[in-house]
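Q: What follows is a predicted protein model with its sequence.
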Amino acid sequence: MGSAGEDGIRNLMSARNSLKVNLEKSKALGLSLRKSGPRLEEINQRLPCLEAAVRPIRAQRDALDAVGGHINRAVVPAAAVLKVFDAIHGLEKSLSDPQSDLQGYLSVLKNLQEALKFLSENCGMAIQWLDDIVEYLEDHNVADERYTSSLKKALKYLRELQTKEEKNRLDGGLLEAALDRLETEFRRLLTENSVPLPMSSSPLKDEQPCIAPSPLPVPIIQKLQAILGTLIANNRLEKCKSIYVDVRSSNVRASLQALNLDYLEISVSEFNDVQSIEGYIAKWSKHLEFAVKHLFEAEYKLCNDVFERLGLDVWRDCFANIAAQAGMLAFLQFGKTVTESKKDPIKLLKLLDIFASLNKLRLDFNRLFGGAACAEIQNLTRDLIKRVIEGASEIFWELLLQVELQRQAPPPPDGSVPRLVSFITDYCNRLIGNDYKPILNQVLAIERSWKREKFQESLLHDYLLNLIRAIEVNLESWSKAYKDTDLSYVFLMNNHYHLYKHLKGTKIGALLGDQWLREHQDYTEYYSTIFLRESWGKLPSHLSREGLILFSGGRATARDLVKKRLKAFNEAFDNIYKKHSSWVILEKDLREKTCHLIIQAIVPVYRSYMQNYGPLVEQDSSGGKYAKFTAQSLEKMVSSLFVVKPMRHGSFKVRQNSNKFNNGVEDHPYSGSPTPTVASA
C-alpha cells in the first residue's frame, strides 16, 4: 500500500509536470502563430503573382518553346525605339537660346526632327510586334490575364500617339516648343530691326527722305531665311507670313503717322468748301507718291529678299497684305470719297489732279500691285480711275449748260463782275494751260473711247470758246436786268474790261483772236464814256455862269443866284455820290482811270466857279451851307469811290440734286479770288 501509493503520487507529479510543459509549449506556439499572421497574409497576397510567374512552367512545352522567338522579335525594335526616345530627351538639354546661337539651335533642331522621323516610322512596327506577342500570350494562356491586360492598355495608348493629331506628342511636345521659340526669335529679329523712317509732318517741297537700299541688314535677312526654312519645313508657313505682315505693316504705319493722315478718313459730308478739298488733295497726291515710291517700294524689295530665295512665291501675298494693312486702301478710299462729293466746277480740277497723280504712278502701281495677290488694290484703283474719268467728263461737258442756266439769275447789285465771269475766264485759262490741258485731253479721250467715239484736241478748244461766248450772251442778258441805266453801264464797263484784261496774252485769248480782244476794249471805252456823260457829266451844268455878269452891280442878287446853283450842285453831287458809293469797279487801273475822268469833268469847273463866285457866298453868314466842298475835298471823295469792299455779290455755284445740276448765281462774301465756293449738297 505504501509502495503503491508512492508510485501513484509520482505518476501524478509526472503528469502535472508534463501538462505544465505542454502548456508552456502551447503558449509559445500561440505566440509564434500570432507573430506569423502578417507574414502569412503577405504570402497570401503574393501567391497570384507567384502563380502567374510559374504559370509558364505549367504551360505546354511547345507553347513555351514558341514564345521565346516572338518575344525576341518584339523586343528588338521596341528597344531601338526606346533608345531613340531617350536620345530625344537628351537633345532637350542641347537646345540653346536661338538668340545667342541660332545656327547651333537649328542644328540641334535638325537632329531632333530626324530622331522624331525615326520614331514616327518605327514606332508603329514595334507596337505591332508587341501586339503580336501579347496576343500569343493571351491565346496560349502563357501569362496572367492581369499582366496581359496591362500590356494591352499601354499598347492602346501608344497607338493613339501614332494618330495624325497626336503624333507630335511622341516627343512630349519638345519639337513644338522648340519651333515656338524659333517663331519668337523670328518676330524679335523683325521687330528690333524694323525702324520707322524719321520724317517731318510738313517736309519742304524739295525735301526727299533718304531711304536705305534695304530696310534690313543682310545678316538679319540671312537669319530670317534660315529660320523660315525650318519653320516652313514644319508646316508653319502661314504663321511666318502672319508674323512678317504684322511687324512690317505696323512699321509702315508708324512711318506714315508723322504725315498726319487723319484726312484720309474724312467722310463725303465733311467736304465743306473748296479750300478744304484743295488742301486735302494736295496732301493726298504728295503723301501717296511718297508712300508708293519709298515705303511700299522698300517693302516690295524686302519681301522679295526674305522669301524668294526659299523658292516660294508667297512674298507677293505678304507684300499685298502689308500694303493693304499699312494704308494703301485708305489712300484709294479717299480718292473715291472725293468722286462722291458734291458736283462743282472746281471739282473738275481736283479730279484731274487725282488722275494726274495716279497716272504719274501708273508704272509703279503696275509693278508693285500687278500680281494676283493685289487683286483688291487693283480693283479699287481701276474703280477710282473710272470714277475720276466719268466724274471729270460729266462736269466738263455740262459746263456750257450751267453757264446758260445762269442767265436767269440776277446780276450783282454793285455792278461788279459776277463770280461766274471771273470764274470762267480763269477756269478756261487753267484748263487750256500746260498743267491741265494734257491731263484733260487724256481724260476726255479715254471717256470718248469708252463710248467708241474719237476725240480731237479741237473739240476742247471749241468747247472752251463756246463757254466764253456764252458768258458774253449772259452779260447782255444781265445788263438788261438793272433798273438803273447808269449801273448797267458800270456793269458792262466792268465786265468787258475784265474779259479784255484777263484773256489778253492767254491761250484762250489767242484762240479768240486780237479782233475779239479789241472789241471788248472798245466796248469798255464806249460804256465808260456813256456812264460819265449820263451821270457825273451832268453835274457841271449846275454851275452855270449864265446871268451872273448882268448882276455885277447887284451883289445881293448875284449872291442869291450863286447860292441857288451851288445848292443844286451840292444836292446832285450828294445824290450821285451816295448812289455810286455802293458800286464797284473791280479792276484797279480801270477804277483809277474812271475816277480821274470824273475828277477832270467836275473839279476844274468847280474850282473855277468857286474862285470867281465863291467869295460872294463865303462872306455871307450862311455861306458854309452852300460852299460845303472844296476842290480838294471833291477830288478826295471821288477818288474813294468804286473801291472793292467786303460786300456780297454774285457767285457761280453748281449743285447736285437728285443726280442733276441745279444752278444759280448766289450771294457770297467777296474774297478777291476768281475761284467759286462749293455749294452745299
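A: Yep, it's here.
Q: Name the nearest residue to Arg559, sequence neighbours excluded.
A: Leu616 (4.5 Å; CB to CB, 6 or more residues apart in numbering). To be clear about C-beta, it is placed using only N, CA and C from the backbone, and glycine gets the same treatment.
Q: what's the neighbour count on the one you found?
A: Neighbourhood size, Leu616 [other CB atoms under 10 Å]: 22.
Q: Does Glu183 touch Leu228 like I think?
A: No. In this structure, Glu183 is not within contact of Leu228 by CB atoms under 8 Å, at 10.4 Å.
Q: can you list residues touching both of these two?
A: Cys240 (CB atoms under 8 Å, 6 or more residues apart in numbering).
Q: circling back to that earlier point, just the element for the residue nearest to Arg559, please.
A: Secondary structure from DSSP states H and E places Leu616 in helix 588-618.
Q: Can you name the secondary structure element that comes next after that helix?
A: Following helix 588-618 toward the C-terminus (DSSP H and E): helix 623-626.
Q: Now do the following helix or strand past that following helix: everything it contacts.
A: Counting by DSSP H and E, the element after helix 623-626 in chain order, helix or strand, is helix 631-639. When contacts are defined by CB under 8 Å, 6+ apart, helix 631-639 is touched by residues Phe573, Tyr577, Cys595, Ile598, Ile599, Ile602, Val603, Tyr606, Arg607, Met610, Phe629.
Q: which residue packs closest to the fourth one, ignoring adjacent ones?
A: Nearest in space to Ile598, with sequence neighbours left out and distances taken as CB to CB, 6+ apart, is Trp536 at 4.6 Å.
Q: Give me the pLDDT for Glu313.
A: Wrong residue type there; residue 313 is Asp, not Glu. Reading off the confidence values, Asp313 has pLDDT 78.
Q: next one: Val638
A: pLDDT at Val638 comes out at 95.
Q: same question, Lys239
A: 94.
Q: what helix or strand does it sit in?
A: helix 237-257.
Q: After that helix, heading C-terminal, what element do we hit next?
A: Per DSSP H and E, the helix or strand that comes after helix 237-257 is helix 274-290.
Q: Now do that next one against helix 237-257, angle only.
A: 130 degrees (axes from the mean of the first three to the mean of the last three CA atoms, to 10 degrees).
Q: packing partners for helix 274-290?
A: Helices and strands touching helix 274-290, by 3 or more CB pairs under 8 Å, 6 or more residues apart in numbering; DSSP states H and E, are helix 329-340, helix 345-360.
Q: And the helix holding Lys239, what's buried?
A: Neighbour-count burial for helix 237-257, with 16 or more other CB atoms under 10 Å as criterion, is recorded at 237, 239-241, 243-253, 255-256.
Q: quick one, it and helix 329-340 angle?
A: 60 degrees.
Q: which residues are in contact with helix 237-257?
A: With CB under 8 Å, 6+ apart, helix 237-257 has contacts from 183, 186-187, 190-191, 194-197, 199, 215, 228, 231-232, 287, 291, 295-296, 299, 302-303, 306, 312, 314, 317-318, 321-322, 325-327.
Q: Buried only: go through the residues you listed for me.
A: By 16+ other CB under 10 Å, the contacts of helix 237-257 give 183, 186-187, 190, 194, 197, 199, 215, 228, 231-232, 287, 291, 295-296, 299, 302-303, 306, 312, 314, 317-318, 321-322, 325-327 as buried.
Q: where does the stretch 451-600 of the chain have low pLDDT?
A: Applying pLDDT under 70 to the stretch 451-600 of the chain flags residues 547, 549-554.
Q: Quick one: the helices in it, in order.
A: Secondary structure of the stretch 451-600 of the chain (DSSP state H, counting those that start in this stretch): helices at 457-479, 485-503, 507-512, 514-534, 555-580, 588-618.
Q: Please work out which of these is packed deepest.
A: helix 485-503 (a mean of 23; mean count of other CB atoms under 10 Å).
Q: got the angle for it vs helix 588-618?
A: Counting by the same axes, to 10 degrees, helix 485-503 lies at 140 degrees to helix 588-618.
Q: Correct me if wrong: Gln521 contacts Leu503.
A: No. Using CB under 8 Å as the test, Gln521 is too far from Leu503 to be in contact (10.9 Å).
Q: Gln611 and Asp560, how far apart?
A: Distance, Gln611 to Asp560, by CB to CB, to the nearest Å: 19 Å.
Q: wait, I meant Leu109
A: 123 Å.
Q: cool, Cys318 as well?
A: Cys318 is 103 Å from Asp560, by CB to CB.
Q: Give me the spatial nearest neighbour of Trp478, chain neighbours excluded.
A: Pro411 (3.8 Å).
Q: typo on my end, Ile576
A: Ser535 (6.0 Å).
Q: likewise His287?
A: Once flanking residues are discounted, His287 sits nearest to Leu259: 5.4 Å by CB to CB, 6+ apart.
Q: What does that neighbour show for phi and psi?
A: With angles defined as degrees, to the nearest 10, Leu259 shows backbone torsions of phi -80, psi -10.
Q: thought it was touching Glu289?
A: No. Taking contacts as CB under 8 Å, Leu259 lies outside contact range of Glu289: 11.7 Å.
Q: The two: which has the busier surroundings?
A: Neighbour totals were compared for Leu259 and Glu289, and Leu259 leads with 20 against 14 (other CB under 10 Å).
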